[in-house]
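In: Provided below for reference: sequence and predicted model.
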Amino acid sequence: MEKDAANKAKLHLPRMGVIAVIGLLDLYGPSFYRPEHKSVEHRFEFAKRHMEMKANDPRFRQYFAVHDIEAWILSQPGLLPSTVRRKLPGTAGNPETVNFDEPPARLLDRCYREATGRKYKKVTYGAELFRELDPAVVREKCPYFRLMADDLVNMAAKALESSKQRQG
């Protein structure tokens, strides 16, 4: 995963017209953290810097779903079945602050099991719920998503402006 992102970035960045290569990983997944990287902030800053240095190109941006895309789903609990929604703890209101012991996917799995007797199916339920998300709401409730979205919009705006200046 770590090596793949840098290699893929180096493969695609030289291509004509490529303004950026974007990596997106679950912050919960990588195993290269140091023992002192216990908080979301420390892990995010370390992993982002680490991955971007490996690619060694300012057009490569590494982002992380904090903790996984299920945090984005938790930003809109109204999308969940009501029986599952009732099982959510109060901490789910700030989905990127859910801890590493029970990240959002595990939390949803527990809530689905308690509410329905079935496990949360990331590929099935996650994909259905993801399609229903309102990015503006995710942006409002998930600061790390906002950081990513704003950076992507800024990069695109700069590339557009640069293109307009070249065309004169």
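Out: Received it, and whenever you're ready, just let me know what you need.

In: ok, how many other residues are close to residue 159?
Out: Counted by other Cβ atoms under 10 Å, the residues lying close to residue 159 total 15. No exception for glycine: its C-beta is placed from N, CA and C like everyone else's.

In: doesn't residue 17 make contact with it?
Out: No: using Cβ atoms under 8 Å, residue 159 makes no contact with residue 17, being 9.4 Å away.

In: If we ignore the residues flanking it in sequence, what's nearest the residue nearest the centre of the chain?
Out: Closest to where the C-alpha atoms of the chain average out (Cα atoms, centre = their mean) is residue 65, at 1.9 Å. Residue nearest to residue 65 in three dimensions, not counting chain neighbours: residue 26, with 5.3 Å by Cβ to Cβ, 6 or more residues apart in numbering.

In: top helix in this structure by residue count?
Out: Counting residues, the longest helix found in the chain (DSSP state H) is helix 143-167.

In: In it, which residues are buried?
Out: 144, 145, 147, 148, 149 (16 or more other Cβ atoms under 10 Å).

In: can you redo the residues you listed as a markdown table with distance to residue 52?
Out: What follows is those, written out as a markdown table (distance: Cβ to Cβ, whole Å):
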| residue | distance to residue 52 |
| --- | --- |
| 144 | 15 |
| 145 | 18 |
| 147 | 14 |
| 148 | 13 |
| 149 | 18 |
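
In: need the contact list for the residue nearest to residue 65.
Out: 64, 65, 67, 68, 69 (Cβ atoms under 8 Å, 6 or more residues apart in numbering).

In: pLDDT value on the fourth one, please?
Out: What it means is residue 68. If you check residue 68, the pLDDT there is 81.

In: Please state the backbone phi and psi of it?
Out: Here is the backbone geometry of residue 68 (degrees, to the nearest 10): phi -160, psi 180.

In: Then the second one?
Out: Main-chain torsions, residue 65, degrees, to the nearest 10: phi -80, psi 120.

In: and it, what does it touch?
Out: Counting by Cβ under 8 Å, 6+ apart, residue 65 has contacts 24, 25, 26, 27, 71, 72, 144, 145.

In: let's see it at 10 Å
Out: 24-29, 71-72, 96, 103-104, 142, 144-145, 148 (Cβ atoms under 10 Å, 6 or more residues apart in numbering).

In: can you give me the strands in the chain?
Out: Remark: strands assigned in the chain by DSSP state E are 21-26, 60-65.
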